[in-house]
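Novice: missing the sequence, but the structure's below:
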Ligand code: C5P
Ligand code: MG
C-alpha cells in the first residue's frame, strides 16, 4: 500500500516503567477512534521492538538490561515509522515478556492519520524525537510506578516478587536515573500523577485534532 500524500501525526509518550503510558495511550486511542475513524489511529509500543534474543539461553535473557537503550531495536522502529509516514504498511514484531524475546509472528499495521507511540526510552533517541510531532512525559512518582510494576509483572509478565525487586534495584531504577529522567527535557507536555489525568487526556486529544486540521 502506498500513498505519498498520507498525512500522519505521531505522538510520543515516554516516562518510567508502569507510569501510565500504556493507559493514557489506550484511553486516547479509544476516545479518538470514533472521531478520526477506526482504521486511522493506532498505538505502537516501543516494547515490541526489544531485540530478538532467541539465540540466547533463558538464563542469559534474564540477565539482560532491558532498561538500557541498547536493548531496543530503534533502527527498526524508525524504519517502520518512516514507512508508515510514507504510506506503507509494516509488520510490527510481537514480543513476549515471559520468554524475553520476539515471537515468530508479527502484526501488520496499515498507515494511519494518528500514531500514538509509547515507551520508556523514546525521547532518549534524537531520530525518534525528530519523527515525533508532540511528546509527552508521564511524571508519575516512582514509588507509585514500583507498586504498579510489582503487581503487573507478577500478574501479567510471569515474574516473581523477588525477581521484580532484584531487577528494579539492579537496572530499572538506575537506568531511569541515567537515561529516562534526563529525557524529560525533550517533552512538550509533562503529565503529573498518571494515566488517568483527565485534563492531560483532553489537552492531548485537542492538540491531535488541531494537528490533523493543519
Ligand atoms: O510497560 P513498561 O513501560 O513498564 O515496559 C518497559 C519495562 O519492561 C522496562 O522497564 C523493562 O525492565 C521491562 N522488561 C522486562 N523484561 C523484558 C523486556 C522488558 O522486564 N524481557
Ligand atoms: Mg507499558
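Specialist: That came in fine, so what should we check first? On a predicted model such as this, the values are computed, not experimentally measured, just so you know. Numbering: from 1, shown residues only. Ligands and ions are numbered 1, 2, ... in the order given.

Novice: From now on I want contacts and neighbour counts done on CA atoms only, so please keep to that.
Specialist: Will do.

Novice: What helix or strand is residue 204 located in?
Specialist: For residue 204, the host element (DSSP states H and E) is helix 198-213.

Novice: and that helix, what does it pack onto?
Specialist: strand 9-15, helix 21-36 (3 or more C-alpha pairs under 8 Å, 6 or more residues apart in numbering; DSSP states H and E).

Novice: Make sure residue 98 is indeed in a helix.
Specialist: No: according to DSSP: H, G, I helix; E, B strand; the rest coil, residue 98 belongs to no helix; its state is coil.

Novice: Who are the contact partners of residue 84?
Specialist: Residues near residue 84 by C-alpha atoms under 8 Å, 6 or more residues apart in numbering: 8, 90, 110, 111, 112.

Novice: and the helix or strand harbouring it, average pLDDT?
Specialist: Residue 84 is part of helix 74-85 when elements are defined by DSSP H and E. For helix 74-85, mean pLDDT is 98.

Novice: pLDDT below threshold where in the chain?
Specialist: The model of the chain has pLDDT under 70 over residues 1-6.

Novice: Residues of it that sit close to ligand 1?
Specialist: By C-alpha under 6 Å from any ligand atom, the residues of the chain that approach ligand 1 are 17, 18, 66, 67, 97, 100, 119, 120, 172.

Novice: Pull the most distant pair out of these.
Specialist: For the residues of the chain next to ligand 1, the maximum inter-member distance is 17.7 Å, found between 18 and 100 (C-alpha to C-alpha).
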